[in-house]
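Student: missing the sequence, but the structure's below:
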């Protein structure tokens, strides 16, 4: 199935495993981001409280231009940003997460707040 024109993901509030917020798919308690719609255009701010971004969550989102990541993020799983060819800026609001991968987002520049810790090396 090709979902490249998907602009929003809507989940019934009675779903026991998943939820959605502004068209983005999360695990039920919204601490994990599962899928961002590939046809959504522009930048995105991940909500506070998100601790995990799962593998391929932003995969092939060629219209994603920038992303703001909350200080609650603990880790990314796998390669969540693979194929994000228009992603130019990744803005972290806190210390470096324990594990983070920007593999496949070749044009992205990482920005972080001076005074936060753990930054350095390759992402």
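Tutor: Thanks, I have it. No experiment lies behind these values; they were computed from the predicted model shown. Residues are numbered from 1 along each chain as shown.
Student: separation between residue 77 and residue 41?
Tutor: 25 Å (CB to CB, to the nearest Å). All C-beta atoms are positioned from the backbone trio N, CA, C, and that covers glycine.
Student: so the closest residue to residue 18 other than its chain neighbours, which of the three states?
Tutor: Nearest non-adjacent residue to residue 18, counting by CB to CB, 6 or more residues apart in numbering: residue 11, 4.9 Å away. Of the three states, residue 11 takes coil under DSSP: H, G, I helix; E, B strand; the rest coil.
Student: again with residue 81
Tutor: coil.
Student: was I right about it contacting residue 101?
Tutor: Yes: between residue 81 and residue 101 there is a contact at 7.5 Å, judged by CB atoms under 8 Å.
Student: got any residues that touch both of the two?
Tutor: Common contacts of residue 81 and residue 101 (CB atoms under 8 Å, 6 or more residues apart in numbering): none found.
Student: who's more crowded, the two?
Tutor: Shown here are residue 81 and residue 101; by other CB atoms under 10 Å, residue 81 has more neighbours (28 against 19).
Student: how close does the residue nearest to the more buried one when sequence neighbours are not counted sit to residue 3?
Tutor: Computed as CB to CB, 6+ apart, the closest residue to residue 81 that is not its neighbour in sequence is residue 105, at 4.0 Å. According to CB to CB, residue 105 and residue 3 sit 19 Å apart.
Student: just residue 27 next, same as before
Tutor: Residue 27 is 19 Å from residue 3, by CB to CB.
Student: can you check which strand is longest in this structure?
Tutor: strand 64-69 (DSSP state E).
Student: which helices and strands does the helix or strand following it pack with?
Tutor: Past strand 64-69, further along toward the C-terminus, the next helix or strand under DSSP states H and E is strand 75-76. Here strand 75-76 touches strand 52-53, going by 3 or more CB pairs under 8 Å, 6 or more residues apart in numbering; DSSP states H and E.
Student: which strands or helices does the strand it packs on pack on?
Tutor: strand 32-35, strand 75-76.
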